[in-house]
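Participant: whatever this is, show me its structure:
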Amino acid sequence: ANHRTTKISSSPAFVFAPFEKIQKDFLALTRKATARHILLPKSSEAALALKQKIRYAAEERFIVDVFEDAARRYSLDTTTAEQGGLLGPPNAEPTPQGYCSCPELDEARFSAPLAQVAGPIESNYGYHLVLVTERTNCPKLDNGNTRVLRGENGSSTILAGPPEDESSTKNWIVFASGQILFWVTTFIAGGIVAELAADTATFLQNNNQLPGM
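Facilitator: Have a look, this model is predicted:
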């Protein structure tokens, strides 16, 4: 008699992968960032010189203050220069991916390290220097940090994690995702066990019908 054989992978990837992807997609969709930029003419020498100047000044002053002053003085983007180069609403509220109409700037907001002047980044508008001061849901890039804060002395720059309420919300999301994954895995495993039991019963029944049994 012909018997149907069910082959079960020893790896749980077929169970976990879809839900890990859902969790990663959720984090990607909820990523937000606050960044500032300085638009300069297409001269890499001028952009690098200003970048170095900002870095030197930031050794004695808060990096955000230094960058904002430089943006007001040097940036060719008159719309954002008045706000210290801020890419977003005046209250510096973090904005999601896709917010910036300039794709190079939008990409930099989610790839440049926190509190470090990035660039020069070339676009159709010119060369940009970028400073990211807040970013959510990028743990691998930011090592758990999400914000750039002013130090106690008023001039130093420190990195910090999310506020307590944001951290609690993220932990709840991770916990809920884990619970869903556990119960779905249990359900699928139960189905596999039931199918194996049915195949075993069919196999025994067919063997009992063989000649000589």
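
Participant: contacting residues for residue 88?
Facilitator: Residues touching residue 88, when contacts are defined by C-beta atoms under 8 Å, 6 or more residues apart in numbering, comprise 34, 35, 94, 95, 99. Heads up, the C-betas are built off the backbone N, CA and C, glycines and all.

Participant: tally of neighbours for the fourth one?
Facilitator: Residues contacting residue 95 under the criterion other C-beta atoms under 10 Å number 17.

Participant: for the closest residue in space to it that isn't next to it in sequence, give its distance to residue 151.
Facilitator: On the basis of C-beta to C-beta, 6 or more residues apart in numbering, the spatially nearest residue to residue 95 that is not a chain neighbour turns out to be residue 88, at 4.7 Å. According to C-beta to C-beta, to the nearest Å, residue 88 and residue 151 sit 24 Å apart.

Participant: could you do residue 107 as well?
Facilitator: Residue 107 sits 30 Å away from residue 151, taking C-beta to C-beta as the criterion.

Participant: ok, those two, which is more surrounded?
Facilitator: Neighbour comparison, residue 107 and residue 151: the larger count goes to residue 107, with 14 against 10 (by other C-beta under 10 Å).

Participant: assumed the more buried one was part of a helix.
Facilitator: Yes: secondary structure assignment places residue 107 in a helix (DSSP: H, G, I helix; E, B strand; the rest coil).

Participant: going forward, the N-terminal residue is numbered 14.
Facilitator: OK, 14 is where the count begins now, so the last one is residue 120.

Participant: show me what the host helix or strand of residue 154 is in contact with.
Facilitator: In this structure, residue 154 sits in helix 152-155 according to DSSP states H and E. Helix 152-155 has contacts (C-beta under 8 Å, 6+ apart) with 123, 124, 126, 127, 148, 172.

Participant: could you flag which of those residues are buried?
Facilitator: Among the contacts of helix 152-155, those classed as buried by 16 or more other C-beta atoms under 10 Å are 123, 127, 148.

Participant: quick one: which of those residues is nearest residue 85?
Facilitator: Nearest to residue 85 among the buried ones among the contacts of helix 152-155 is residue 127, at 22.0 Å by C-beta to C-beta.

Participant: after whichever strand or helix holds residue 67 comes which helix or strand?
Facilitator: Assignment of secondary structure by DSSP H and E places residue 67 within helix 57-70. From helix 57-70 onward toward the C-terminus, using DSSP H and E, the following helix or strand is helix 76-87.
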